[in-house]
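1. below are the sequence and a predicted model; questions follow.
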Amino acid sequence: MILAAAQTKPKRGDISANLLNHYHLIELAAQNDVNLIVFPELSITGYEREHAEALVFTEDDYRIDHLKELAVRNNIVIVVGAPVVIDSKMYIGEFIIAPDDSVSIYTKQFLHEGEDEFFQSSFDYDPMITIEDQNISFAICADIYHSEHPEKASNRDTDIYIASIFFSPNGIPSAYKNLQNYAEKHKINVLMSNFSGESWGSPSAGQSAFWNNKGELIGQMNDSDSGLLLVEKVNDTWTTKVIIA
């Protein structure tokens, strides 16, 4: 099994440009036999609150059609972030696009202060997927501040916990501490994807990373580059590789 955390520099509100970058990184992942690629929080739009309604996606939005084609063609699971409307409510969501052309949606369960002015939270959209007998659960940013979130994932027999985040240089140490603790405590592997460029007018910290189920940091990217952190499982051993794009 090979997983990839994409580390990107979003263009604020420029969906077309951001999608082109997604396509490029997905093709790069496919060239490296990746089974799943995950992007940061709200990766397609960049992190937005005030302008999210103008950028919002629907559940079956035509703008993810090419991502669906790439998933099928390359036999890869693609996890991308966007504001999404479900039953007239707007969520910070991510599309989990499978190689069989199916799409499931995860919605952020715990919101940062201020996000609740624009978004709803929900525990109802919490899919789990399985790749090569590995159960995979998802998290978005502030979800990882709440210990009950990874605990619930562990209780569902999660093997790999994947977090899409937008963390600043000031916030990344706490993200690292939390994710390392969860990996060790719950004996789950943890993959994290973060932006490396400015979003919402604020800097991001990059440093997308992977911890094994002993809580050991196996690999990470730097704070400035765009590209992929590849994570490969052979038997019970994980190795990582960074590809700058």
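-> Cool, the structure landed. Just so it is clear, the structure is predicted and the values come from calculations on it, not from any experiment.

2. ok, the residue nearest the centre of the chain - contacts?
-> For the chain, the residue lying nearest the average C-alpha position, counting by C-alpha atoms, centre = their mean, turns out to be residue 164 (3.1 Å). When the contact criterion is C-beta atoms under 8 Å, 6 or more residues apart in numbering, the partners of residue 164 are 38-41, 43, 79, 81, 94, 138-141, 192-193. For glycine as for every other residue, the C-beta is placed from the backbone atoms N, C-alpha and C.

3. just these: which are in strands?
-> Secondary structure assignment (DSSP state E) places 38, 79, 81, 94, 138-140, 192-193 from those within strands.

4. okay, the helix or strand residue 5 falls within in PDB with CA atoms only?
-> For residue 5, the element it lies in under DSSP states H and E is strand 2-7. Output in PDB follows, covering the C-alpha atoms of strand 2-7 (Å, rounded to 0.1, in the frame of the first residue of the first chain):
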ATOM      1  CA  ILE A   2       1.200   3.500  -0.900                       C
ATOM      2  CA  LEU A   3      -0.400   6.700   0.400                       C
ATOM      3  CA  ALA A   4       0.300  10.300  -0.400                       C
ATOM      4  CA  ALA A   5      -0.200  13.500   1.500                       C
ATOM      5  CA  ALA A   6      -0.300  16.400  -1.000                       C
ATOM      6  CA  GLN A   7       1.200  19.700   0.300                       C
END
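
5. which other helices and strands does that strand contact?
-> If contacts are counted by 3 or more C-beta pairs under 8 Å, 6 or more residues apart in numbering; DSSP states H and E, strand 2-7 sits against helix 15-31, strand 36-38, strand 189-193, strand 209-211, strand 227-234.

6. return the closest of the ones in strands among the contacts of residue 164 with respect to residue 210.
-> Distances from these to residue 210 were compared by C-beta to C-beta; the smallest belongs to residue 192, at 7.4 Å.

7. just say helix, strand or coil for the residue lying closest to that closest one once chain neighbours are set aside.
-> Spatial nearest neighbour of residue 192, excluding adjacent residues (C-beta to C-beta, 6 or more residues apart in numbering): residue 163 at 4.6 Å. Under DSSP: H, G, I helix; E, B strand; the rest coil, the three-state class of residue 163 is strand.

8. and for residue 101?
-> State at residue 101, reduced to three classes by three-state DSSP: coil.

9. circling back: mind listing the residues bridging to the residue nearest to residue 192?
-> On DSSP bridges, the residues paired with residue 163 through beta bridges are residue 139, residue 192.

10. who's in contact with it?
-> With C-beta under 8 Å, 6+ apart as the criterion, the residues that contact residue 163 are 138-141, 143-144, 175, 179, 190-193.

11. one more: residue 100?
-> Taking C-beta under 8 Å, 6+ apart as the contact definition, residue 100 lies against residue 72.

12. tell me the pLDDT of it.
-> Looking at residue 100, its pLDDT stands at 98.

13. just the one 5 residues further on next, same as before
-> The score at residue 105 is 98. That number is its pLDDT.

14. now swap in residue 121 and tell me
-> Per-residue confidence at residue 121 stands at 97 (pLDDT).

15. residues near the spatially closest residue to it that is not a sequence neighbour, how many?
-> Leaving aside its chain neighbours, residue 121 sits nearest to residue 111 (5.1 Å; criterion: C-beta to C-beta, 6+ apart). Counted with other C-beta atoms under 10 Å, the neighbours of residue 111 add up to 19.

16. distance check, residue 111 against residue 42.
-> Counting by C-beta to C-beta, to the nearest Å, the gap from residue 111 to residue 42 is 13 Å.

17. go on, residue 208?
-> As judged by C-beta to C-beta, residue 208 and residue 42 stand 15 Å apart.

18. now do residue 71
-> Using C-beta to C-beta, one gets 20 Å for the distance from residue 71 to residue 42.

19. residue 242 in helix, strand or coil?
-> Remark: residue 242 carries the secondary structure label strand [criterion: three-state DSSP].
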